[in-house]
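In: Give me the fold of what follows.
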Amino acid sequence: MADTASAGGEIPRVEGDVEVIAASTSITLDEPICCAASSQHLLREVIRTGFGVLDLKSSPRGTDMFAVAGSNGNLVFYFIQNINGVYLREFCSIDLCRGSVIITYLDWVSTVGEKDKIAMACSDGTLGVVHFDARDPSSCSSTSFVSIHIQQAWYVAWDGFDEQRLYSGGDDAHFCTFEDPLIVLPRTNQGRGPSDEAIADFQPSVRDKRTHTYGVTAIVPIGKGTDGESIVLTGSYDNRLRILRRRKAVLSWQTIAETDLGGGVWRISFLEHLTNIQEALSTGVSFNIRLVASCMQDGPKIVEVGFEGDSNWSIRTLARVPGHQLNYATIAMPHQTDHGPRTLVSTDFTNRQAHVWRF
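Out: As a prediction, this is how the structure comes out:
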């Protein structure tokens, strides 16, 4: 949590922190949707970072390690361990960007063996990829940076249904698709990737400039249709949540459903597992799946996405969560099944609060 200035100029020193909060998944609330009592959720530990925290991602391997994107351009790894009441331990820090460039978003995936990779979006419009040993991130083997967006890059996402595909979105309203990025990202530095050395002439395989009227702030791949074409959800400053389909023949994206959520759609997080969605999409079987959208000034919203086969998609808003002035993040706590009430945690940037609630 931190206060940050515009990424366009010099960024003043900011003091952020990483907090560990214990929240029970068995709480009982008086309302179907509301903020839970503070006594039910305990702040375990706070670590002052000395930099603003722009994003945090857990290891995809299910370990207790997570990575933090810092306003100082560093990628910092922590462990969560309960040792004599001390929960957080810093593992290592990798210096990646120089000057006023900050890392705005991370996407961490595992690859073959013990190798992992993290894709990064940066405030100067560049994208970066860091490769490292999953057991020891300080063993960073290579970093690659490319100049893609003409304004801040807000989001980057690996396609979990096509391991050689990468997506990005920026303040320039461009939605970019990259094929085989592990091969074509050209610059390699041992443990360091300064943004002022980024390759300027590298271009994505598809650069969509028409779909979004304002910045692209969320990209979530959900699978491939019966024709093998990719399906993704996107969020934007233009208040719209969209479902897009890749059209291979003309190298473009088609909007197949969209809705106005009344606030800038900063982040999207699914409440159910996506493991069965790919099979349903590929066979044309109907399904409904719920997600939560962080709609900035309009707060979190529970949304249902429906698929009825033959490219017939629908989006409807189920509920709006009150009590937020500026909501940048919402996530559902782990749950064994997709049925029953869910416990969610959301943030309010303006009030510097974390809300815990049930749906």
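In: For stretch 351-359, which residues meet the burial criterion?
Out: Across stretch 351-359, burial judged by 16 or more other Cβ atoms under 10 Å covers 354-359. Quick note: C-beta positions are derived from backbone N, CA and C, even for glycine.
In: I should have written stretch 255-263 there, sorry.
Out: Neighbour counts using 16+ other Cβ under 10 Å place 257-259, 261-263 of stretch 255-263 among the buried residues.
In: go on, stretch 321-335?
Out: By 16+ other Cβ under 10 Å, the buried positions in stretch 321-335 come out as 321, 323-324, 326-332.
In: Can you tell me which of these is closest to Val46?
Out: Closest approach between the buried residues of stretch 321-335 and Val46, by Cβ to Cβ: Ala329, at 17.7 Å.
In: Just list whatever residues bridge to the residue nearest to that closest one when sequence neighbours are not counted.
Out: Leaving aside its chain neighbours, Ala329 sits nearest to Thr347 (4.8 Å; criterion: Cβ to Cβ, 6 or more residues apart in numbering). Note on Thr347: beta-bridge partners Ala354, judged by DSSP bridges.
In: Quick check: Thr347 touching Gln325?
Out: No: counting by Cβ atoms under 8 Å, Thr347 sits too far from Gln325 to count as a contact (10.8 Å).
In: isn't there a helix covering Pro341?
Out: No: under DSSP: H, G, I helix; E, B strand; the rest coil, Pro341 sits outside any helix and is assigned coil.
In: That one: neighbouring residues, count only.
Out: 14 (other Cβ atoms under 10 Å).
In: partners of the closest residue to it other than its chain neighbours in the sheet?
Out: In this structure, Pro341 finds its nearest non-sequential neighbour in Arg358, 5.0 Å apart by Cβ to Cβ, 6+ apart. Beta-bridge pairing of Arg358 under DSSP bridges involves Thr343.
In: Next up, the contacts around the residue lying closest to Leu244 once chain neighbours are set aside.
Out: Using Cβ to Cβ, 6+ apart and skipping the chain neighbours, the partner closest in space to Leu244 is Trp253 (4.5 Å). Going by Cβ atoms under 8 Å, 6 or more residues apart in numbering, Trp253 touches 175, 177, 206, 208, 211, 244-247.
In: switch to 6 Å and redo it
Out: Shown in contact with Trp253 (Cβ atoms under 6 Å, 6 or more residues apart in numbering): 208, 244, 246.
In: how far away is it from Ile231?
Out: 10 Å (Cβ to Cβ, to the nearest Å).
In: Please apply the same query to Ala119.
Out: 20 Å.
In: Please enumerate the strands of the stretch 1-150 of the chain.
Out: Remark: strands assigned in the stretch 1-150 of the chain by DSSP state E, counting those that start in this stretch are 17-23, 41-48, 53-58, 65-70, 74-83, 86-95, 103-110, 115-122, 126-133, 142-147.
In: Which of those strands has the lowest mean pLDDT?
Out: Among those, strand 41-48 has the lowest mean pLDDT, at a mean of 76.
In: Next, the angle strand 74-83 makes with that one.
Out: Using axes from the mean of the first three to the mean of the last three Cα atoms, to 10 degrees, the direction of strand 41-48 lies 130 degrees away from that of strand 74-83.
In: For strand 41-48, which strands pair with it and how are they oriented?
Out: strand 17-23 (antiparallel).
In: number of nearby residues for Gln98?
Out: If you look again at residue 98, you'll see it is Arg, not Gln. Per other Cβ under 10 Å, the neighbour tally for Arg98 reads 15.
In: wait, what's in contact with Ala58?
Out: For residue 58 the amino acid is Ser, not Ala. Ser58 sits in contact with Phe66, where contact means Cβ under 6 Å, 6+ apart.
In: pLDDT score assigned to Gly191?
Out: Gly191 is assigned 37 on the pLDDT scale.
In: correction: Phe178
Out: As summarised for this prediction, Phe178 has a pLDDT of 90.
In: where's it relative to Leu127, distance?
Out: Separation of Phe178 from Leu127 (Cβ to Cβ) stands at 8 Å.
In: before we move on, what about Glu279?
Out: Distance, Glu279 to Leu127, by Cβ to Cβ: 31 Å.
In: Repeat that for Asp172.
Out: 13 Å.
In: can you check His355 too?
Out: Between His355 and Leu127 the computed distance is 32 Å (Cβ to Cβ).
In: Ok, Trp313 next?
Out: Separation of Trp313 from Leu127 (Cβ to Cβ): 29 Å.
In: Distance check, Ser230 against His131.
Out: Distance of Ser230 to His131, given as Cβ to Cβ: 24 Å.
In: Also Arg267?
Out: In terms of Cβ to Cβ, Arg267 sits 26 Å off from His131.
In: So for the two, which residue has more residues nearby?
Out: Arg267 (24 against 17).
In: So for the more buried one, what's the nearest residue that isn't a sequence neighbour?
Out: The shortest distance from Arg267 to any non-neighbouring residue, by Cβ to Cβ, 6+ apart, is to Ser294 (4.2 Å).
In: contact partners of stretch 211-223?
Out: 154-155, 157, 159, 161, 167, 169, 171, 173, 175, 231-238, 265-268, 277-278, 281.
In: wouldn't Leu271 be in contact with Ile289 here?
Out: No: using Cβ atoms under 6 Å, Leu271 is not in contact with Ile289, being 7.9 Å away.
In: surely Ile150 meets Asp171?
Out: No: taking Cβ under 6 Å as the definition, Ile150 is not a contact partner of Asp171, at 8.5 Å.
In: Those two: which is more packed in?
Out: Asp171 (21 against 11).
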